[in-house]
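In: With the input below, show me the fold.
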Amino acid sequence: MQFTFFLHLPKTAGTTFKLACHRALGPRLCWWVHRLPLPGPPSDILHVTDLQPIVPEMGVRFDMCGGHVQYSMLPAEIRNQALLISLIREPVSRALSFFAYLWDQPQHPLAQKTRGMTLFEALQVPAFRWAVQNQQCRHLFGGLRHRDQILEGSSVKYLIGKTDHLASFLDALEQSGGPRLVIESDENRSRPDYRQILGAQPRYEEALDLLRHLNTEDLEFFHSFPQWLMSAALRNRHPSVSSDEAAAGQSAAGE
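Out: Numbers count the residues shown, from 1 in each chain. Modelled structure (predicted):
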């Protein structure tokens, strides 16, 4: 199996995905975090704060690693050798879910900055505004302007899927040499009624318009492929996957 690295974007079903990875891989999975120890009960997953020691263990001790890691943070050996995977979400929906998530995370720095605010008011706070502005493209490529260079002009093996097409993404992942994963439950941590709560807030429609304006790059990228997207290097390595599934999932990065 190809050593796989999951670049986890906040509020893109990452917790659900992490549990599926743990069930499939057990001790051969590790996870990057900002700091240790973790809050809450002990975890069976090995958590690390430094990726460099993972490099010599790729495919030896570990088959997969993941975490809230931006592409630019990856050691060169992981970028060049691993199968990089990620899931993205419709950008405005992701921003709404992230704001609702903060309601129940009082220790989060952004929760402290936006406590008691409506969505529109929170979007006037520079730190929160930055956190929901084109974050997916920044996380995956360092900005949309680097997308084609990474996906089409490098040797990086990248597979990017969408949260609302998770089944087809998991099929493509397995056929691309990654682990076979099964999603058994949804671990959504946002309140189930957050959309109704937000919709009742003053200036909600203005907030939606502002989010669309702030996420022009993420929206362009999200709508550039139907279900999942392979880099050129990964397509060349697994031509049967990219050709057999073209109608369902694959689209050129620049379209």
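In: For the rest of this, base every contact and every neighbour count on C-alpha atoms.
Out: OK.
In: Poorly predicted segments of the chain, please.
Out: 187-189, 242-255 (pLDDT under 70).
In: What are the contacting residues of stretch 85-105?
Out: Applying C-alpha atoms under 8 Å, 6 or more residues apart in numbering, the contact partners of stretch 85-105 are 4-14, 108, 110-111, 115, 119, 132, 134, 136, 140, 158-164, 189-191, 194-195, 208, 211-212, 215, 218-219, 222.
In: and if we set it to 6 Å?
Out: Residues from elsewhere that reach stretch 85-105, judged by C-alpha atoms under 6 Å, 6 or more residues apart in numbering: Phe6, Leu7, Thr12, Ala111, Val132, Tyr158, Leu159, Ile160, Gly161, Lys162, Thr163, Ser190.
In: check contacts around the fifth one.
Out: Okay, so that is Val132. Applying C-alpha under 6 Å, 6+ apart, we find Val132 in contact with Ala95.
In: With distance to Thr49 added, can I get the contacts of stretch 85-105 in JSON lines?
Out: Formatted as JSON lines, these follow (distance: C-alpha to C-alpha, whole Å):
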{"residue": "Phe6", "distance to Thr49": "15"}
{"residue": "Leu7", "distance to Thr49": "15"}
{"residue": "Thr12", "distance to Thr49": "22"}
{"residue": "Ala111", "distance to Thr49": "24"}
{"residue": "Val132", "distance to Thr49": "24"}
{"residue": "Tyr158", "distance to Thr49": "23"}
{"residue": "Leu159", "distance to Thr49": "24"}
{"residue": "Ile160", "distance to Thr49": "24"}
{"residue": "Gly161", "distance to Thr49": "26"}
{"residue": "Lys162", "distance to Thr49": "27"}
{"residue": "Thr163", "distance to Thr49": "26"}
{"residue": "Ser190", "distance to Thr49": "26"}
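In: now that we have those residues, which one has the most neighbours?
Out: Taking other C-alpha atoms under 10 Å as the neighbour criterion, Gly161 ranks highest of those with 27 neighbours.
In: Surely it touches Ala167?
Out: No: using C-alpha atoms under 6 Å, Gly161 is not in contact with Ala167; the gap is 9.6 Å.
In: Okay, buried residues for stretch 95-108 please.
Out: Ala95, Leu96, Ser97, Phe98, Phe99, Ala100, Tyr101, Leu102, Trp103 (16 or more other C-alpha atoms under 10 Å).
In: Which single one of the contacts of stretch 85-105 is nearest to Phe62?
Out: Phe6 (13.0 Å; C-alpha to C-alpha).
In: What pairs with the helix or strand that closest one falls within, parallel or antiparallel?
Out: Phe6 belongs to strand 4-7 when assigned by DSSP states H and E. Strand 4-7 has the following sheet partners, assigned by DSSP bridges: strand 64-67 (parallel), strand 83-88 (parallel).
In: Would you indicate which residues of the last one are buried?
Out: Within strand 83-88, the residues that count as buried by 16+ other C-alpha under 10 Å are Leu83, Leu84, Ile85, Ser86, Leu87, Ile88.
In: how about the helices in the protein?
Out: 14-25, 76-81, 91-103, 109-114, 119-122, 126-131, 135-141, 147-152, 166-175, 194-199, 204-214, 216-222, 232-237, 239-244 (DSSP state H).
In: Tabulate those (a markdown table), appending distance to Leu181.
Out: A markdown table is the format used below for the helices of the chain (distance: least, C-alpha to C-alpha, whole Å):
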| stretch | distance to Leu181 |
| --- | --- |
| helix 14-25 | 6 |
| helix 76-81 | 21 |
| helix 91-103 | 23 |
| helix 109-114 | 33 |
| helix 119-122 | 36 |
| helix 126-131 | 30 |
| helix 135-141 | 22 |
| helix 147-152 | 24 |
| helix 166-175 | 7 |
| helix 194-199 | 29 |
| helix 204-214 | 33 |
| helix 216-222 | 23 |
| helix 232-237 | 19 |
| helix 239-244 | 17 |
